[in-house]
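[1] Fold the stuff below for me.
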Amino acid sequence: MTEAADPNDRSVWTALLKSGGSPKPDSEVSTGYWRLPNGTAGTAIPIATYFYAPDEAKPNKGVWMATVKGRDIDQGDGEEWLQFVASRWPKLKAVSDADYETAISTGMWPDGTPVEKRDGIGGNSPPEGSIEALLAEAAGHLESAANLIKAGAAKSEADADLAANMAKTLTETKSKVIAAHKVEKQPHLDAGRKVDDRFFPTRDKLDDITRMLKAKVINPWQVEQDRIRREAEAKAKAAADAAAAAGREAEPPPSVDAPKVAAGSRGRKVSLVEEKYAEITSHEALAVALIRAKSTPVIAAVEAVAGQLARNAMNVVGSSPADGMVVRSRQVSR
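    Predicted structure coming up:
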């Protein structure tokens, strides 16, 4: 049993609540509400310390206790209590009883920080500052946010503040994840770029020269050969038509070799093929037709442009900066 001069004295806790400091390492445990930051996991343990007197007739005779996430440890627990005093007590941050209750009841502090998932300090936690620690931190925030969403619409200002702080925490964590991803991926991008720089110039030059060879050398010849073939077919048809009109059989055409259109003597030949392409006669009419046909890419592009026009500071609510749209407003949370 320990004898306490005033087990209900909260002066140490009150002073630290104002200053934002932590208890001195060699100070005695006193009554108060606290949070223990765990930077490795991006969480914080809620802790309450108080004096327990089993005999109401002797309120100064008892043991100091600490409730760590609902689990009690006291001076009689030997090594565990000594570890608490040495490792946890000097790192505690004083919090209000309301903040403590919020952390206990919701699993998250008012600023959006989730409570610790494990009782042990360190344990199997990933190294502080590592990618694994960052991802573990993000997972904790996501779990806390999911619980808030599951609870539904805010019923008080405190609920709304809690959700707003959580949203801010998620945004900040996303920025850290993006930055970490960039750092970790950069060496791979640099290595891949070196490989690309070695092969792509030659690859692209081979493509360019192949296209030019077909367009400048082969295509003119094949087009001319196709013209000759079509001209010969037209003359033969005209002669056959004239003979039929005169009531006689057409004379067989002189024996000539058909013009060669395909080119190449090995592998796949280069052939003259018909290729269709679009000649736009009216951009306006085409856009209307595509929208009526519910073309997803066109509709998305039109909506994006309309959104930009609506957000233009010069366009007020109710105005029509372009035919087919009106600027509207709505309340969103950001």
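[2] Please report how far residue 7 lies from residue 65.
    Separation of residue 7 from residue 65 (Cβ to Cβ, to the nearest Å) stands at 11 Å. C-beta coordinates here come from the backbone N, C-alpha and C atoms, glycine included.
[3] And for residue 217?
    92 Å.
[4] cool, residue 53 as well?
    Distance, residue 53 to residue 65, by Cβ to Cβ: 11 Å.
[5] Comparing residue 217 and residue 65, which shows the higher neighbour count?
    Each of residue 217 and residue 65 has its neighbours counted (other Cβ atoms under 10 Å); residue 65 has more, 18 against 12.
[6] Helix, strand, or coil at the more buried one?
    Three-state call for residue 65 (DSSP: H, G, I helix; E, B strand; the rest coil): strand.
[7] That one reaches residue 77, doesn't it?
    No. Contact status for residue 65 versus residue 77: not in contact, 9.4 Å apart, counting by Cβ atoms under 8 Å.
[8] Need the mean per-residue confidence for stretch 279-299.
    Average pLDDT, stretch 279-299: 91.
[9] err, stretch 248-265, not the other one
    63.
[10] cool, and stretch 96-110?
    For stretch 96-110, the per-residue pLDDT averages 86.
[11] Local confidence estimate at residue 333?
    We have a pLDDT of 73 for residue 333.
[12] Does anything pack onto the biggest helix by length in the chain? Which helices or strands?
    Taking DSSP state H as the criterion, the chain has its longest helix at helix 157-212. Contact here means 3 or more Cβ pairs under 8 Å, 6 or more residues apart in numbering; DSSP states H and E; on that basis helix 157-212 packs against helix 97-106, helix 131-151.
[13] Which among these is found nearest to residue 201?
    Closest to residue 201 of the helices and strands packed on helix 157-212, according to Cβ to Cβ: helix 131-151, at 34.8 Å.
[14] May I have the closest one as CSV, with CA atoms only?
    Output in CSV follows, covering the C-alpha atoms of helix 131-151 (Å, rounded to 0.1, in the frame of the first residue of the first chain):
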residue,chain,number,x,y,z
ILE,A,131,7.2,2.9,-45.9
GLU,A,132,5.6,0.1,-43.8
ALA,A,133,5.1,2.6,-40.9
LEU,A,134,3.5,5.1,-43.3
LEU,A,135,1.2,2.5,-44.7
ALA,A,136,0.3,1.3,-41.2
GLU,A,137,-0.5,4.8,-40.3
ALA,A,138,-2.7,5.2,-43.4
ALA,A,139,-4.5,2.0,-42.6
GLY,A,140,-5.3,3.2,-39.1
HIS,A,141,-6.7,6.5,-40.4
LEU,A,142,-8.8,4.7,-43.0
GLU,A,143,-10.3,2.4,-40.3
SER,A,144,-11.1,5.3,-38.1
ALA,A,145,-12.7,7.2,-41.0
ALA,A,146,-14.7,4.2,-42.0
ASN,A,147,-16.1,4.0,-38.5
LEU,A,148,-17.2,7.6,-38.6
ILE,A,149,-18.9,7.1,-42.0
LYS,A,150,-20.6,4.0,-40.6
ALA,A,151,-22.0,6.1,-37.7
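[15] Kind regards, and thank you for your time.
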